[in-house]
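1. Turn this into a model:
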Amino acid sequence: MAAMFMCCLGCCGDGASGHIPLKEMPTVQLDTHHMGTDVVIVKSGRRICGTGACLANAPLHQNKSYFEFKIQSTGVWGVGVGTEKANLNQVPLGRDIHSLVLRHDGSVYHNNEEKNRLPANSLPQEGDVVGLTYDHVELNLYLNGKNMQCPASGIRGTVFPVVYVDDSAILDCQFSEFYHTPPQGFEKILFEQQIF
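-> Reported below is the predicted structural model:
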């Protein structure tokens, strides 16, 4: 009996059972390896403050992505999509071909050109949630769950969610467990291995 028990332990008890442990899927969050030098990231990669920009750690590979930013403290800020070539130390973003962003003043910029503008009575304020959809062609903006009918396009290549802050702005990022239901067909950002 003891020999049988030892055989069982020898076969199964030391972790050599042939089972491969499940690997936990990474969490989408702000990427401390792709941020400006004066940016501060806290709250497990979900809050940005300081001065500068930061990319998320997951590119937008899927066809229809949705993510949100909550304005915790107003100031100078911007949210949108950007490539890894975006200058994360220079705010505001939207000055070159490497970012497409909604700025705190309601303008949407890409390549130093205003692509669109939020309605005058719809400027985001402290406590508001800005939702973004991206389908590899068009960026669309939502304010507290309402479509702002403010599409913009023009950015090319692999893009990531991007956010910048300055002048005491503080923004929280929501890449899952959203404040508002994503528009039909859009979903949280998936890492490449989750898509296939």
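2. OK, contacts around the residue lying closest to C173 once chain neighbours are set aside?
-> Excluding its sequence neighbours, the residue lying closest to C173 (C-beta to C-beta, 6 or more residues apart in numbering) is R46, at 5.1 Å. (C-beta placed from N, C-alpha, C; glycine too.) By C-beta atoms under 8 Å, 6 or more residues apart in numbering, the contact list for R46 reads 29-30, 172-174.
3. Same check on G106?
-> 117-120, 122-124.
4. For the residue nearest the centre of the chain, what are phi and psi?
-> In the chain, the C-alpha nearest the mean C-alpha coordinate belongs to P161, at 3.8 Å (C-alpha atoms, centre = their mean). P161 adopts backbone torsions of phi -60, psi 140, taken as degrees, to the nearest 10.
5. how far away is it from N121?
-> 26 Å (C-beta to C-beta, to the nearest Å).
6. Which parts of the chain are strands?
-> 30-35, 38-42, 47-56, 65-73, 76-82, 99-103, 107-110, 113-117, 129-134, 138-143, 146-147, 152-153, 160-166, 170-174 (DSSP state E).
7. Could I get the ones you listed in TSV, plus columns for distance to E187 and mean pLDDT?
-> Formatted as TSV, the strands of the chain follow (distance: least, C-beta to C-beta, whole Å; pLDDT from 0 to 100):
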stretch	distance to E187	mean pLDDT
strand 30-35	20	98
strand 38-42	24	98
strand 47-56	15	98
strand 65-73	6	98
strand 76-82	16	98
strand 99-103	20	98
strand 107-110	23	98
strand 113-117	24	98
strand 129-134	10	98
strand 138-143	14	98
strand 146-147	17	98
strand 152-153	20	98
strand 160-166	14	98
strand 170-174	13	98
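8. now those as TSV including distance to L190?
-> Converted to TSV, these look like this (distance: least, C-beta to C-beta, whole Å):
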stretch	distance to L190
strand 30-35	16
strand 38-42	22
strand 47-56	12
strand 65-73	8
strand 76-82	16
strand 99-103	21
strand 107-110	25
strand 113-117	27
strand 129-134	13
strand 138-143	18
strand 146-147	23
strand 152-153	22
strand 160-166	13
strand 170-174	15
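9. Compare the ones you listed and give me the one nearest N89.
-> strand 47-56 (5.3 Å; C-beta to C-beta).
10. What strands line up against the closest one, and which way round?
-> strand 30-35 (antiparallel), strand 38-42 (antiparallel), strand 160-166 (antiparallel), strand 170-174 (antiparallel) (DSSP bridges).
11. Would you mind extracting the C-alpha trace of it into PDB?
-> What follows is strand 47-56, C-alpha atoms only, in PDB (Å, rounded to 0.1, in the frame of the first residue of the first chain):
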ATOM      1  CA  ARG A  47      -4.600  56.400 -13.800                       C
ATOM      2  CA  ILE A  48      -2.400  59.000 -15.500                       C
ATOM      3  CA  CYS A  49      -1.100  62.300 -14.100                       C
ATOM      4  CA  GLY A  50       1.900  64.500 -14.400                       C
ATOM      5  CA  THR A  51       2.900  65.900 -17.900                       C
ATOM      6  CA  GLY A  52       3.100  63.900 -21.100                       C
ATOM      7  CA  ALA A  53       1.500  60.900 -22.800                       C
ATOM      8  CA  CYS A  54       1.300  57.200 -22.400                       C
ATOM      9  CA  LEU A  55       0.300  54.300 -24.700                       C
ATOM     10  CA  ALA A  56      -1.700  51.300 -23.500                       C
END
